[in-house]
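[1] Next input, structure requested:
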Amino acid sequence: MSRFGNATAVERVAEGRYEAELDAGFRIGEALNGGYLMAVLLRAAMDAAPHAHPISTSAAFLRVGRPGPAEITVEPRKSGRTAATVRATLSQDGQPVIDAQVVTGTLDPAAEPHWADQAPPALPPIDECVGRMPSPAKDRGFADRVDMRFDPATMGWLDGRPHGRLEMRGYFRLRDDDYAPDPFLLALAVDALPPVVLNTGFSGWAPTVELTWHMRALPAPGTLTLYGTGRLVRDGWFDEDVEVWDSAGRLVAQSRQIARVGRGSS
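    So this is what the prediction gives:
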């Protein structure tokens, strides 16, 4: 199994109960990335589901996830011919970390859109985008597991020059891993961009409180493209929408989250 496959693996220990070992390689600072936690939770949810794909996942982030043992419980809510719903909770030390409702169905890989809006503007070529190389001296966790290349137009905040819009764009793929894009990688991708609020002058950790994402198609092999936007920063809260497009130019996932702004500002 690939590195990402191992990092998100779960073991069924009883009806509706799973165990996992959360991988420190997907931490950002001391906290595990929320998309990574959703991917682990979805491994259990999909094992228990009657359909093949997570069509909609609504996740409330209740506590910070830490590397180490975790338990996932899955409770069926409704089972239908085209859609089923389960409740899945990932816990550590007896405390819930993520509580999610997952709607499952089966997508047709040959289906074509009946109607589709225009695709977002193309990013600059990947070799003209801003990226970070792995550190040979220190394991930086998430940054060393995921290879992201950002549109320079959305990265002025790195130099203290945020452009003033809730916006972030970049290419996404796993680093040194032959894992092909699938629903679990999409769960990681929708929460992989730096918070869009950084481009409005805020800094520091911006914890996700709730995130809902929809899987729209089975992704083609290759690099994914992420487009992050938002509408409002107010009273310590901001929203963030992310679209995920595959290498064939198809919209394969979309998400919306509500999060807290960082404690500092530039």
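[2] and the longest helix belonging to the chain, how far from the chain's centre?
    Scanning the chain for the helix with the most residues, using DSSP state H, yields helix 34-48. Offset of helix 34-48 from its chain centre (CA atoms, centre = their mean, to the nearest Å): 11 Å.
[3] Low-confidence bits of the chain, can you list those?
    For the chain, the stretches flagged by pLDDT under 70 are 133-137, 263-266.
[4] so how far is Leu232 from Phe238?
    Using CB to CB, to the nearest Å, we find Phe238 at a distance of 7 Å from Leu232. Every C-beta, even on glycine, is put in place using the N, C-alpha and C of the backbone.
[5] more neighbours, the two?
    Legend: neighbour count by other CB atoms under 10 Å for Phe238 and Leu232, higher for Phe238 (23 against 9).
[6] so what's Val209 closest to, chain neighbours aside?
    Distances taken as CB to CB, 6 or more residues apart in numbering put Ile258 closest to Val209, at 5.4 Å, once the chain neighbours are dropped.
[7] which parts of the helix or strand in which that neighbour is found are buried?
    Assessed by DSSP states H and E, Ile258 sits inside strand 251-260. For strand 251-260, burial by neighbour count (16 or more other CB atoms under 10 Å) applies to 251-257, 259-260.
[8] re the thing from before, next, the contact list for the residue nearest to Val209, please.
    Residues in contact with Ile258 (CB atoms under 8 Å, 6 or more residues apart in numbering) are 208-211, 237-239.
[9] among those residues, which are in strands?
    If you go by DSSP state E, those have 208-211, 237-239 in strands.
[10] Mind giving me the PyMOL select for those residues, buried ones only?
    To isolate the buried members of the ones in strands among the contacts of Ile258 in PyMOL, using 16+ other CB under 10 Å:
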select buried, resi 208+211+238+239
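[11] buried sites along the longest helix of the chain?
    The neighbour-count check on helix 34-48 (16+ other CB under 10 Å) flags 34-46, 48 as buried.
[12] Would you give the sheet partners of the helix or strand just after it, along with the direction of each?
    Remark: after helix 34-48, the chain's next helix or strand is strand 53-61, criterion DSSP H and E. Strand 53-61 has its sheet partners listed here by DSSP bridges as strand 95-105 (antiparallel), strand 208-215 (antiparallel).
[13] Off-centre distance for the helix or strand following strand 53-61?
    Using DSSP H and E, the helix or strand that follows strand 53-61 in sequence is strand 68-79. Distance, stretch centre to chain centre, for strand 68-79: 19 Å (CA atoms, centre = their mean).
[14] tell me which strands and helices strand 68-79 is in contact with?
    Contact here means 3 or more CB pairs under 8 Å, 6 or more residues apart in numbering; DSSP states H and E; on that basis strand 68-79 packs against strand 17-22, helix 34-48, strand 84-92.
[15] Could you check the ones you listed and tell me which one is nearest Arg77?
    strand 84-92 (4.2 Å; CB to CB).
[16] That closest one packs against which elements?
    Looks like strand 84-92 contacts helix 34-48, strand 68-79, strand 95-105 (3+ CB pairs under 8 Å, 6+ apart).
[17] Mind listing what's buried along it?
    84-86, 88-92.
[18] now those residues in JSON lines, with distance to Ile126?
    JSON lines is the format used below for the buried residues of strand 84-92 (distance: CB to CB, whole Å):
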{"residue": "Ala84", "distance to Ile126": "38"}
{"residue": "Thr85", "distance to Ile126": "38"}
{"residue": "Val86", "distance to Ile126": "37"}
{"residue": "Ala88", "distance to Ile126": "35"}
{"residue": "Thr89", "distance to Ile126": "38"}
{"residue": "Leu90", "distance to Ile126": "33"}
{"residue": "Ser91", "distance to Ile126": "39"}
{"residue": "Gln92", "distance to Ile126": "37"}
